[in-house]
Each structure stands twice: as C-alpha cells, then as structure tokens.
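>>> Need a 3D model of the following:
(one chain, ligands or ions: 1)
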Amino acid sequence: MIPVGNSKYILRVNKKKILNLIYDNKSISRAEVTRLIGISAPTVSRIVDGFIEEGLVEEIGAGQSTGGRRPILLRIAAADNYIIGIDLGTTNVYGVLADLNANIIYEEKRPTKLEEGFYKIMDQTSEIIDILNQKIEEKKKRLCGIGLAVAGLINKSRNIVEFSPNFHWHDVDIIGVLGNRFSVPIYFDNVTRVMALGEMCYGMGKNYKNFILINIGYGIGAGIIVDGKPLLGAAGMAGEFGHITVDLNSKTQCDCGNFGCLEAMASGRGIARAARNELERGAKSILVEMCGGDLKKISAEMVANAAKKGDILAWNVFSQAAEYIGLGISALINLFNPEAIFLGGGVTLAGEFLFDNIRKTVNSRALNRSSRDVSLRPATFGLKAAAIGAVSLVMNKLLNLELEHHLSRHK
Ligand SMILES: [Zn+2]
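Model (predicted):
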C-alpha cells in the first residue's frame, strides 16, 4: 500500500507534469495527455477538471479525429489570468500587465526618484501596481501575482536585496513593504537572472538548455542558465559579471568600491565617462557638438552614434568597451560552455557595430572548440526584457504549482 504522504506527492508530480504539458503544447487532448504521461485516463481527467475549475485550463473546440469522436482540446487559460511584471530600473520604474503568454495588455512608467531612496521608489512601484490593478478589474480578469526585477545582490535565504550598488541600497526588504500593500504573491530576483528566465520562458532561449544572458545598460550582469535552470549560487548571488576586474591598473572606481571592474569600464555610464575623460584631456570629437558643449550630457548612445559617423575618439572608446566585454564573455564561454549568449540592455542597441567588435575579441580569446559554436545574439525582448522576465518569474511559480493555494482561494 502507498502511504498517504506518498500518494499526495505522486498526485502533485502528476499535476505538475500535466499542467506543463498543456502549457508546452499550446493545445492538446486529454487522450494525448494520458498517452504522453502514462497514467490512467480517469486520473488525467480528474486533474484536468480541477485545473478547469481553478480557471487555469480551458477547453477549446474539437481537434482532428484519429478515427472515432473528435477530441476536445485543452489549453492554458492564458487570456483570463494576468501577471504584473515590474522592471525596477535606476532610470525608470516600468510596469507591464501581461497575460500568461506574456502578451502585454497595458504598461505604465515613472522616472525613478533615485535620490529619494528606497521607500519613495516603493511608493512609485505601488502607484504603478494600483493603475495596472484597475485595468484588471475593468477587464474582469484575475491577477495571479506580481514579479519584480531588481538590480543588486539578492540574498535568497533572507529574501532581501542585500546590496545594490546602483540604487545605493543595503538590506532592503521589498516583500516586507509591498506584501503589506497587496494581497497577491510577490516575487523578485536579480534583474539579469530575471531577464534570462524570461528569455528561457518566452523568448529564443526556449531553444537552448545552456545559455547566458548578459545585460549591458546602467550596470552589467549575467543570467546563467545551466541545464534549463537559472544558476543561483550558494546565497543567490551568482552572475555578478559586471564586477570581475578587467583592468588591473585602472584608476576608474566602480560603484562597488573596486577599481577596473567590467561595469566601470564598459557599462553605459562607463562608456560615457571614458569619452568625457578623453575630451577633458583635449581630444577632438564631434561629441562636443552633439552634446551642445555640455560634456555632462554625453551618453553611451551618443558615443555609439558618433562612432557610426566615423568619429575616431568615439570609435576608440566604443571599441575599447567592446573589447572588455569580449574578454569577459570569453571567460564565461570557457567556464560554462554555453550554446548561446544573448546580449540585452541599452548599450546593446548600438547593434552590429558592437556585436562585431565583441565577436572579434571572443574569437581571439576563447578556447576555440567551445567558442566556435556559440551563437552571440541580441536578447529577444529588447528594452522590455526585464519586465517580461518579471512576468516569467510568476509564470514559473504557477507552472510549479506554487500559486495553487492562492488561486483556489480566489476562485
Ligand atoms: Zn564593481
């Protein structure tokens, strides 16, 4: 006889398998589920009926007959269930309302009040959630949960942001604040890991079991997917790619306190700073004209545009940054042997010009056999990658049945 605890466990495993199968297949019949999972038809039907009652799965018309009655097809009730995804960025707090297929239904953005500190930014986030919540009520849909993407070191065991150099936060408790204001499950994780999860769940990353997403924007980070799972590290802090040292002799200080970090040399701010330093030393460049003489206004985007116009200083600054990024990527390829590397974040919008320069360094630095087949490509969701990733954070919990209790409660 199977002990009660054990049969509960088996039921859970089967439920998870069935839900994921329905999700992966877009539409599938009960008979096909039964055949693929290899458990009895009545058990499959009972579990599926439960999902239908919970509002997670729906029946759609009849499929192709294989002889006999045409089967009713099942699919995830993606359009009835919504997720809020928040990209907690240093420039903007950007929120999206999405269905379970990550189709964006509505979006809302506020310029981040970085100087006013953690609680002000939590207020801004709450405002955005309130507006998105209103849309859900208008459309009479259900909110499954809220996901947030945050730049910083996340301590998984304490469930806090332990240190965020970009926000200047130490030990801040996002769930402690937002959990008191909203009665749905709330999850957060490091922005780059979240982007990688979104890439795996909804983007081109679906095609790979081992890939790395590198975010090059205000800061630099890496989300590493190993055997279809995000690499967390012992305390959840893996992937701090921006803080590896790429120049031992550099006098450029990083937000983390060290000198010569990849982030200090090649992030958006790093590129702008390098150009500014050269100009202050008297170098000639069309950048002076482009920024209207105010060097503080120089951005990485401006440097990229000047480089594309043939400006030598801008070209050199951008190529140098690309070389540092290429050096770091070569190390990642040697360490993790990924199938693909996705590049996302504002700086990567510079396009082929940046990719070509990175490839050049990777081709000369990475061990040939492992670098040869790595596809280096833009991240699927561009500037929406962090918000879509935050949506996938909740979707992942849903597919792992971690929201079960909450969803049945709101039935
Ligand atoms: Zn650093």
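
>>> Neighbours of residue 310, how many?
Residue 310 sits with 9 neighbouring residues when counted by other CB atoms under 10 Å. Quick note: C-beta positions are derived from backbone N, CA and C, even for glycine.

>>> Give me the pLDDT value at residue 234.
Taken from the predicted model, the pLDDT recorded for residue 234 is 87.

>>> Dihedrals phi and psi, it?
Reported as degrees, to the nearest 10, the phi and psi values for residue 234 are phi -60, psi -40.

>>> Show me where the stretch 201-350 of the chain has its strands.
Counting by DSSP state E, counting those that start in this stretch, the stretch 201-350 of the chain forms strands over residues 211-216, 220-226, 229-230, 340-344, given from the N-terminal end onward.

>>> Just confirm yes or no for stretch 325-336 near the ion.
No. Using CB under 5 Å from the ion, we find that stretch 325-336 stays clear of the ion, coming within 12.2 Å at best.

>>> before we move on, the earlier item: now tabulate the strands of the stretch 201-350 of the chain in TSV and tack on mean pLDDT, mean neighbour count and distance to residue 290.
Formatted as TSV, the entries for the strands of the stretch 201-350 of the chain read as follows, by pLDDT from 0 to 100; neighbours: other CB atoms under 10 Å; distance: least, CB to CB, whole Å:
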stretch	mean pLDDT	mean neighbour count	distance to residue 290
strand 211-216	96	30	21
strand 220-226	96	25	24
strand 229-230	92	16	39
strand 340-344	96	24	25
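
>>> Of the ones you listed, which is nearest residue 168?
Distances from residue 168 to each of these were compared using CB to CB; the minimum, 16.9 Å, belongs to strand 220-226.

>>> how far does that closest one sit from the chain's center?
Centroid separation between strand 220-226 and its chain, computed with CA atoms, centre = their mean, to the nearest Å, is 10 Å.

>>> So it, near the ion or not?
No. In this structure, strand 220-226 remains apart from the ion according to CB under 5 Å from the ion; the gap is never smaller than 9.0 Å.

>>> Begin at 27, not 1, for the rest of this chat.
Shifting the count to begin at 27 puts that one at strand 246-252.

>>> any chance of the strands of the stretch 227-376 of the chain in a markdown table, plus distance to residue 184?
Conversion of the strands of the stretch 227-376 of the chain to a markdown table gives the following (distance: least, CB to CB, whole Å):
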| stretch | distance to residue 184 |
| --- | --- |
| strand 237-242 | 24 |
| strand 246-252 | 20 |
| strand 255-256 | 19 |
| strand 366-370 | 28 |
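
>>> mind checking which of those is nearest residue 301?
Using CB to CB as the criterion, the shortest distance between residue 301 and the strands of the stretch 227-376 of the chain is 16.0 Å, found for strand 237-242.

>>> List of residues touching the closest one?
For strand 237-242, the surrounding residues in contact (CB atoms under 8 Å, 6 or more residues apart in numbering) are 217-218, 221-222, 225-226, 231, 246-251, 267, 292-294, 351, 355, 358, 362, 364-374, 405, 411-412.

>>> circling back to that earlier point, determine which of the strands of the stretch 227-376 of the chain approaches residue 318 most closely.
Residue 318 lies closest, by CB to CB, to one member of those: strand 237-242, at 26.3 Å.

>>> name the helices or strands packed onto the lengthiest helix in the chain?
Across the chain, the helix with the greatest residue count (assigned by DSSP state H) is helix 338-362. Contacts of helix 338-362 with other secondary structure elements, assessed using 3 or more CB pairs under 8 Å, 6 or more residues apart in numbering; DSSP states H and E, are made with strand 237-242, strand 246-252, helix 288-292, helix 294-306, helix 326-334, strand 366-370, helix 378-391, helix 394-398.

>>> Disregarding residues adjacent in the polypeptide, which is nearest to residue 365?
Across the structure, with CB to CB, 6 or more residues apart in numbering as the measure, the residue nearest residue 365 apart from its sequence neighbours is residue 234 (4.6 Å).

>>> Enumerate the residues of the chain near the ion.
Proximity of the chain to the ion is confined to 269, 280, 282, 284, 287 under the rule CB under 5 Å from the ion.

>>> quick one, phi psi at the fourth one?
Backbone torsions of residue 284, given as degrees, to the nearest 10, read phi -80, psi 170.

>>> Run a quick neighbour tally on it.
15.

>>> Now for it: which residues touch it?
With contacts defined as CB under 8 Å, 6+ apart, residue 284 is in contact with 269, 271, 290.

>>> Kindly report the same for the second one.
Contacts for residue 280 were tallied using CB under 8 Å, 6+ apart; they are 191, 268-269, 286-287, 289-290.

>>> and with 7 Å instead?
269, 287, 289-290 (CB atoms under 7 Å, 6 or more residues apart in numbering).

>>> Nearest to the ion: which residue in the stretch 127-276 of the chain?
Minimum separation of the stretch 127-276 of the chain from the ion (CB to the ion) falls at residue 269, amounting to 3.6 Å.

>>> I'd guessed the residue nearest to residue 365 sits against residue 366; true?
Yes. Taking contact to mean CB atoms under 7 Å, the distance of 5.1 Å between residue 234 and residue 366 places them in contact.

>>> now stretch 414-421: mean pLDDT?
Stretch 414-421 shows a mean pLDDT of 97.

>>> and residue 173, which of the three is it?
Here residue 173 is strand, with the state taken from DSSP: H, G, I helix; E, B strand; the rest coil.
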